[in-house]
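Q: Starting from these lines, generate the structure:
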Amino acid sequence: MLSWLRRFPHDVVHRKENAGRRTSSTTTWRNRSSSFTARIIRCASSVVDATAKHDDDDDCPLPSSPPPPAPPPPPEDDRVTVVSAQAFSFRELAEAAGNFRQDKLIGEGGFGRVYKGRLPAGEQEEQQRVVAVKQLDRNGRQGNSEFVVEVLMLSMLHHPNLVRLVGYCAEGEQRLLVYEYMALGSLEDHLLLPMRRDDALLPWRTRMRVAHGAARGLEYLHDRAVIYRDLKSSNILLADDYSPRLSDFGLARLLPLSSSSSSSSSSSSSSSSSSGTGRSRVMGTYGYCAPEYLRTGKLSAKSDVYSFGVLLLELITGRRAIDASRPDGEQSLVGWAATMFGDPRRFQELVDPRLVMAMQGPPVSELKQAVGVAAMCLQENHALRPVMTDVVIALSFLAASTTHDHHHHHPPPLRPSPDPSYAS
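A: Residues are numbered from 1 along each chain as shown. As a prediction, this is how the structure comes out:
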């Protein structure tokens with residue numbers, strides 16, 4: 001189930017982005033024998049060994065003591081950085097979250113509950129840090145394996161469009177994660193939940209900027225051979241300026257070594273043979289999962305691209321991916337929208353009616369581009385879907401343009417791109 005974790009340190013790196021250009025590469029880890037990162041990788045391996053014998057075994061002890069001092073900063077010309085999550089005691093996090101009182105609760109779901117908390121100021125900080133503390137339900141859907149994966153992933157992957165992991169707690173049976181606090185909550189809160197009288201409508205331009213930021217986060221992951229596997233509106237958190245952050249990495253996986261060279265920015269072809277791999281248990285959220293993943297259990301970066309297409313449709317329409325309260329034929333967002341993809345005259349029917357009523361509907365040219373991107377991402381044949389780098393380029397025009405600008409600068413057309421080999 002998690003055998004890919006054994007090779008994680010060899011495949012996943014963090015690099016500061018070059019101005020105007022994103023690259024992917026590999027590196028070696030410093031101080032592997034003594035670092036907290038190495039300890040958590042060994043722990044992840046123990047989860048793998050236990051999982052091979054007992055798929056539901058959740059007895060992987062994570063280090064509960066603070067990590068050793070971080071290594072000295074690298075030279076200016078060395079762009080590789082490794083950041084370790086901080087280990088907290090349960091008492092520290094209980095105090096930070098006001099003993100998990102109801103008035104501190106800011107969200108809950110199948111995984112557990114999220115509380116707003118304040119951590120004491122550090123040596124280089126002048127005031128307390130506001131954080132979000134996720135207390136996992138012991139009987140919830142996020143087990144110990146997913147907990148380890150999330151700590152591992154977010155300790156090593158860093159990008160402006162990924163949520164930042166501050167630390168964790170693995171004391172006894174307690175499992176808690178500490179994130180940077182996102183004041184505006186999730187995209188779902190603003191887009192899909194019933195609006196209160198004082199709620200502001202999410203403007204078209206903001207929606208496109210959210211889509212662009214989420215696409216950049218996925219592009220970063222795919223460049224590092226990571227498949228997110230759980231893209232949905234409730235997993236996209238919004239900062240004060242509505243910039244999006246992908247969160248909840250418990251289901252993330254790495255592509256096989258044979259296909260890791262084919263990233264989202266690659267144009268070289270590679271085999272999509274599934275030899276040597278078997279069917280895996282389908283994970284994710286119904287309505288967002290790619291059809292080939294549901295049929296075969298085989299995963300690729302194009303599975304994330306499909307999920308992104310669903311998310312983009314949600315931003316365009318203001319509808320949920322699956323909504324049983326709607327009439328027959330409209331309960332599946334993709335099924336309903338696909339009937340209009342071939343007729344640009346019907347694209348206006350896809351626009352969120354709240355935008356139309358507020359006289360904030362998008363220009364026809366921008367709507368055509370946004371629907372075109374969504375339709376390409378939602379191709380039934382995974383090989384015809386674009387890579388995320390192309391999606392980022394296409395959406396950058398919608399996220400930054402004004403109506404006037406858009407008429408004078410046309411984004412390049414999306415093209416299908418070879419698909420990395422499946423992971424299973």
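
Q: The closest residue to A96 other than its chain neighbours sits in which helix or strand?
A: Using CB to CB, 6 or more residues apart in numbering and skipping the chain neighbours, the partner closest in space to A96 is G117 (3.8 Å). In this view, the C-beta of every residue, glycine as well, is placed from N, C-alpha and C. According to DSSP states H and E, G117 maps onto strand 112-119.

Q: For the stretch 301-424 of the chain, which residues score under the pLDDT cut-off?
A: For the stretch 301-424 of the chain, the stretches flagged by pLDDT under 70 are 401-424.

Q: who's the residue nearest to A96 bridged to?
A: Residues in a beta bridge with G117, per DSSP bridges, are V131.

Q: okay, now it: neighbour count?
A: Look at G117: counted by other CB atoms under 10 Å, it has 25 neighbours.

Q: check contacts around it.
A: Contacts here follow CB atoms under 8 Å, 6 or more residues apart in numbering; on that basis G117 touches L93, A96, A97, G98, K104, V130, V131, A132, V133, V178.

Q: Please tell me I have it right and the last one contacts L93.
A: What it means is V178. Yes. V178 is in contact with L93 according to CB atoms under 8 Å; the separation is 6.8 Å.

Q: what is in contact with the two at once?
A: The contact sets of V178 and L93 overlap at G117, V133, C169 (CB under 8 Å, 6+ apart).

Q: Distance to D240 and pLDDT for these - can I get that in TSV?
A: Formatted as TSV, those follow (distance: CB to CB, whole Å; pLDDT from 0 to 100):
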residue	distance to D240	pLDDT
G117	18	95
V133	19	95
C169	27	94
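
Q: Pick the one among those closest to R207.
A: Set against R207, the nearest of the shared contacts of V178 and L93 by CB to CB is V133 (29.2 Å).

Q: now the closest one, what's its secondary structure?
A: Three-state assignment for V133 (DSSP: H, G, I helix; E, B strand; the rest coil): strand.

Q: swap in R205?
A: Reducing the assignment at R205 to three states with three-state DSSP gives helix.

Q: With Y168 instead?
A: For Y168, the assignment made with three-state DSSP gives strand.

Q: What residues does it make contact with?
A: The contact partners of Y168, taken as CB under 8 Å, 6+ apart, are L62, A85, Q86, A87, F88, F147, V151, R175, L176, L177, V178.

Q: next one: G167
A: The contact partners of G167, by CB under 8 Å, 6+ apart, come to A85, Q86, A87, F88, L177, V178.

Q: got those as a markdown table, with pLDDT, secondary structure and distance to R209 columns?
A: Formatted as a markdown table, those follow (pLDDT from 0 to 100; DSSP: H, G, I helix; E, B strand; the rest coil; distance: CB to CB, whole Å):
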| residue | pLDDT | secondary structure | distance to R209 |
| --- | --- | --- | --- |
| A85 | 80 | coil | 29 |
| Q86 | 89 | strand | 31 |
| A87 | 92 | strand | 35 |
| F88 | 94 | coil | 33 |
| L177 | 94 | strand | 27 |
| V178 | 95 | strand | 27 |
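
Q: A324: which of these is nearest?
A: For the contacts of G167, the nearest to A324 is L177 (31.0 Å; CB to CB).

Q: Going by residue numbers, what spans are helices in this structure?
A: Assigned by DSSP state H, the helices in the chain fall at 8-11, 36-53, 90-96, 144-156, 187-191, 204-223, 291-296, 301-317, 333-338, 353-357, 364-377, 388-400, 403-408.

Q: between those, which gets nearest to P344?
A: helix 364-377 (5.9 Å).

Q: send the alpha carbons of that closest one over as CSV?
A: Coordinates of each C-alpha in helix 364-377 appear next as CSV, following Å, rounded to 0.1, in the frame of the first residue of the first chain:
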residue,chain,number,x,y,z
VAL,A,364,-17.8,35.6,-23.4
SER,A,365,-14.2,35.1,-24.5
GLU,A,366,-13.1,34.3,-20.9
LEU,A,367,-16.0,31.9,-20.4
LYS,A,368,-15.1,30.1,-23.6
GLN,A,369,-11.5,29.8,-22.5
ALA,A,370,-12.4,28.5,-19.0
VAL,A,371,-14.9,26.0,-20.2
GLY,A,372,-12.4,24.9,-22.8
VAL,A,373,-9.8,24.2,-20.2
ALA,A,374,-12.3,22.3,-18.1
ALA,A,375,-13.5,20.2,-21.0
MET,A,376,-9.9,19.3,-21.9
CYS,A,377,-9.2,18.2,-18.4
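
Q: and that helix with helix 204-223, angle?
A: Angle between the axes of helix 364-377 and helix 204-223 is 30 degrees (criterion: axes from the mean of the first three to the mean of the last three CA atoms, to 10 degrees).

Q: tell me which residues in helix 364-377 are buried?
A: In terms of neighbour count (16 or more other CB atoms under 10 Å), helix 364-377 has its buried residues at E366, L367, Q369, A370, V371, G372, V373, A374, A375, M376, C377.

Q: Show me what that helix is packed up against.
A: The elements that helix 364-377 packs onto, with contact taken as 3 or more CB pairs under 8 Å, 6 or more residues apart in numbering; DSSP states H and E, are helix 204-223, helix 301-317, helix 388-400, helix 403-408.

Q: State the mean pLDDT of the first one.
A: Looking at helix 204-223 alone, the average pLDDT works out to 97.

Q: how much space between A370 and A394?
A: The gap separating A370 from A394 is 9 Å, by CB to CB, to the nearest Å.

Q: Can I get the helices and strands packed on helix 364-377 in TSV including distance to S332 and mean neighbour count?
A: TSV is the format used below for these (distance: least, CB to CB, whole Å; neighbours: other CB atoms under 10 Å):
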stretch	distance to S332	mean neighbour count
helix 204-223	20	24
helix 301-317	10	26
helix 388-400	22	21
helix 403-408	31	11
